[in-house]
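In: just to be clear, the model below is a prediction. Sequence and coordinates:
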Amino acid sequence: MNKSIFTYLMFMFLTGFLSAQNYSKQAPEGFDKLQNNIPHGKIDSISYPSKTVGVDRKALIYLPPNYSKSKKYPVLYLLHGIGGDEKEWYKNGTPQIILDNLYAQGKIEPMIVVLPNGRAMKDDRASGNIMAQDKVEAFATFEKDLLNDLIPYVEKHFSVKKDRENRALAGLSMGGGQTQNFAFGNTDKFAWLGAFSSAPNTKEPKELLPHPQDAKKFKLIFLSCGDQDGLMPYSKRTSNYLGENRIPHIFYVEPGGHDFKVWKNDLYIFSQLIFKPVDQATFKDFTVFGTPAITNVRNAQFPQIFPDGSVLFKIKAPEAKTVQVDLGKKYDLKKDAEGFWTGKTDPQSGSFHYYSLLIDGVAVADPASETFYGMGRYASGIEIPFDGDSFYQLKDVPHGDIRIKNYFSKVTNSWRRMFVYTPPGYDQKSAEKFPSLYILHGGGEDESGWANQGKTNLILDNLIAEGKAKNMVIIMPDANIGQSGFGNFGERNLQLFERELKESIIPFAESNYRIKNDAANRALAGLSMGGIYTLYVGINNPNMFSNLGVFSSGYILPMLQEVADKQYKFLSENKTKFNSNIENFWISMGGKEDIAYQNCQIMIKKFDELGIKYSYSEYRGGHTWPVWRESVRDFAQVIFK
């Protein structure tokens, strides 16, 4: 045996054994440079008869080093972009060099790579107006050409394995869109999918995968995009859809834009993963960058969220001595030579979190993030996506409106403000009246909380579109009155808010909106402090409401023990009326880590003793907006039915 070949084979064996499942996140320098002292594959042109197009068509084919007809090989079909043809990868991406180098390092399985022309038409050259309708449509036609003409030709004339487990499809830009459209549409033909910087030809997720669980047939779904690529939304929406449906996949975000520097790197990473066992547990660790949080201000790249929920912060503060991020837990950031402070958090639970920057010990809002009124001040907030968060995502459904109204309160002798949600079609249905939900925020927040942090409008839009909730008007008033603030109010505040609700809020809402004014069509709910107000007003006035929702709340003991005793006494004396009038007395908590958990357990035990009917639910998340979003989602589905 030739000495160089022997050395190469031994190197392949040893490095392949030692580095299995241990991949670089980015290609190293020189990965795409020709090395003369290693075995090389062969790249050549082929011509195949296309019944789809009606002519013979050309493609390039790469055969690995030491290709032998006595051995069967898996095949990767690698697609180009809208401005290219079968030579685009060869000219700009040098796949033969990248793969030769990887073979020499023992990092990839021997494979054949086919580089076709994805523009399936008689004149398939990338000339003239490449955006012309017939040329764009030809990229969709290529699906038939690929499946019915090219693949059968390759499998007849080359020594290849013919099952789906040994067939991969990948592509860049327009080819990335083709890859998703073709592979997801033919799960019986491909087991490996690599979509690099997918273009707008990518189908909408529900059209792409109407039965999302079919995607579990893939051994690997690899979606990638440069962090500066304007086409990022097309990759992200597929990744989000896969995540919502719990389909394992890699979403690889890397430095760069829409160019071959990115796509070469993609090929380098993807080729190492295919045609061998892949550990899905490592998928969330592959990406170089996270994706900017949706709560970032326009064009801000940081903070970035990684697939495991960890967050990367990068803040410029060249004169600061210390910078931390307070996200419930404090994280130290490190300073670089340019004055940027960078640091990554532990994985965070999904949904909404308040946070602050601590610059030399002073808590400030992050200028790169949206701010929300919470904790008694404006603070930064960040949305952490998670599998199952689709119920509050913006979707292509009819949408209601959030309206902001000022009104004068004779109770407080001041101008006050409320947010009002009107359901889809409210203005068009001028003769229709709607039931109403009055929903109250917590201590340290205000009337904007349920709209901004709570996403109540999106939750209701989606529920109404799915037929799971009635059309309703939701009134979100300012519950801060007197000495407000969780743990800093007593019966005087409760009495004041009862008056404010009965004398100002409800009359104003019912005179300015088409709202039904009977108890059967009126509900009251609130979180934390707002839950206590709901208990106080709802129990005292069972003839005003048919539904009560108490989220993460209970009488604060011992501070409100006297109030609680009065309410228990009232319930004992009016049990039959209360149970009859209140159709849904709905109580929810954020589990044992919820700060109101013990007070709530004492309260519902007392309700049990009194024979008060209620329902009880728990969600993970403690005393946080994730719990309250889920609470309003489920509460809205049972009221006014």
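Out: That came through, no problem. Residues are numbered from 1 along each chain as shown.
In: residue contacts, residue 295?
Out: Contacts for residue 295 were tallied using C-beta atoms under 8 Å, 6 or more residues apart in numbering; they are 369-370, 380-383. Where C-beta positions appear, they are placed from N, C-alpha and C, glycine not excepted.
In: phi and psi next, for the residue positioned nearest the centre of the chain.
Out: Nearest to the mean C-alpha position of the chain, by C-alpha atoms, centre = their mean, lies residue 385 at 4.0 Å. With angles defined as degrees, to the nearest 10, residue 385 sits at phi -70, psi 160.
In: which helix or strand contains residue 438?
Out: Residue 438 is part of strand 436-440, with elements assigned from DSSP states H and E.
In: using TSV, lay out the contacts of residue 295 together with secondary structure.
Out: Output for the contacts of residue 295, formatted as TSV (DSSP: H, G, I helix; E, B strand; the rest coil):
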residue	secondary structure
369	strand
370	coil
380	strand
381	strand
382	strand
383	strand
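In: what lines up beside the helix or strand encompassing residue 548 in the sheet?
Out: If you go by DSSP H and E, residue 548 is part of strand 547-551. Sheet pairing of strand 547-551 (DSSP bridges) gives strand 522-527 (parallel), strand 584-589 (parallel).
In: just the mean pLDDT for the last one, thanks.
Out: Averaged over strand 584-589, pLDDT sits at 98.
In: now the helices for the stretch 51-200 of the chain?
Out: 88, 95-104, 133-145, 151-157, 174-185 (DSSP state H, counting those that start in this stretch).
In: deepest of those, which one?
Out: helix 174-185 (a mean of 26; mean count of other C-beta atoms under 10 Å).
In: give me the three-state assignment for residue 347.
Out: Quick answer, by three-state DSSP: residue 347 is coil.
In: er, residue 421 actually
Out: Going by three-state DSSP: residue 421 is strand.
In: quick check: nearest residue in space to it, chain neighbours excluded?
Out: Residue nearest to residue 421 in three dimensions, not counting chain neighbours: residue 474, with 4.0 Å by C-beta to C-beta, 6 or more residues apart in numbering.
In: mind picking the two most distant members of the contacts of residue 295?
Out: Largest separation among those by C-beta to C-beta: 380 and 383, giving 11.4 Å.
In: more crowded one of these two?
Out: Per other C-beta atoms under 10 Å, whichever of residue 380 and residue 383 has more neighbours is residue 380, with 25 against 21.
In: check contacts around the more buried one.
Out: Per C-beta under 8 Å, 6+ apart, neighbours of residue 380: 295, 354-357, 365-366, 369-372.
In: what about it, distance to residue 363?
Out: Going from residue 380 to residue 363 by C-beta to C-beta, to the nearest Å gives 10 Å.
In: what do you get for residue 370?
Out: Taken as C-beta to C-beta, the span from residue 370 to residue 363 is 17 Å.
In: from residue 249, how far out is the residue lying closest to residue 260 once chain neighbours are set aside?
Out: Spatial nearest neighbour of residue 260, chain neighbours left out: residue 92 (4.6 Å); criterion: C-beta to C-beta, 6+ apart. Separation of residue 92 from residue 249 (C-beta to C-beta): 27 Å.
In: equivalent analysis for residue 592, please.
Out: Counting by C-beta to C-beta, the gap from residue 592 to residue 249 is 34 Å.
In: between the two, point out the one with more neighbours.
Out: residue 249 (20 against 10).
In: tell me where the stretch 351-500 of the chain has helices.
Out: According to DSSP H, counting those that start in this stretch, the helices that the stretch 351-500 of the chain contains are 449-452, 456-465, 491-500.
In: would you turn these into JSON lines with mean neighbour count and distance to residue 128?
Out: Converted to JSON lines, these look like this (neighbours: other C-beta atoms under 10 Å; distance: least, C-beta to C-beta, whole Å):
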{"stretch": "helix 449-452", "mean neighbour count": "26", "distance to residue 128": "50"}
{"stretch": "helix 456-465", "mean neighbour count": "22", "distance to residue 128": "44"}
{"stretch": "helix 491-500", "mean neighbour count": "18", "distance to residue 128": "70"}
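In: closest one to residue 630 among the ones you listed?
Out: Among the helices of the stretch 351-500 of the chain, the nearest to residue 630 by C-beta to C-beta is helix 456-465 (9.2 Å).
In: just checking, what packs against the closest one?
Out: strand 414-422, strand 473-477, helix 625-636 (3 or more C-beta pairs under 8 Å, 6 or more residues apart in numbering; DSSP states H and E).
In: let's see that with 7 Å instead.
Out: Judged by 3 or more C-beta pairs under 7 Å, 6 or more residues apart in numbering; DSSP states H and E, the packing partners of helix 456-465 are strand 414-422, helix 625-636.
In: which other residues reach the shortest one?
Out: Pointing back at strand 414-422 there. Here strand 414-422 makes contact (C-beta atoms under 7 Å, 6 or more residues apart in numbering) with 400-409, 447-448, 451, 456-457, 460, 473-478, 505, 513.
In: quick check: closest non-adjacent residue to residue 53.
Out: In space, residue 53 is closest to residue 120, 5.4 Å off (C-beta to C-beta, 6+ apart).
In: could you list every residue that touches that neighbour?
Out: Residue 120 touches 52-53, 138, 141-142, 145, counting by C-beta under 7 Å, 6+ apart.
In: ok, of those, which one's closest to residue 432?
Out: Taking these together and measuring to residue 432 by C-beta to C-beta, the closest member is residue 141, at 49.1 Å.
In: identify the residue spatially nearest to that closest one, adjacent ones excluded.
Out: residue 120 (4.2 Å).
In: equivalent analysis for residue 168, please.
Out: residue 192 (3.4 Å).
In: quick one: pLDDT of the one you found?
Out: For residue 192, the predicted pLDDT is 98.
In: then residue 307?
Out: 89.
In: show me what contacts it?
Out: 251, 284, 287.
In: let's go with 10 Å and repeat that
Out: 239, 243, 249-253, 283-287, 290-291, 347, 385 (C-beta atoms under 10 Å, 6 or more residues apart in numbering).
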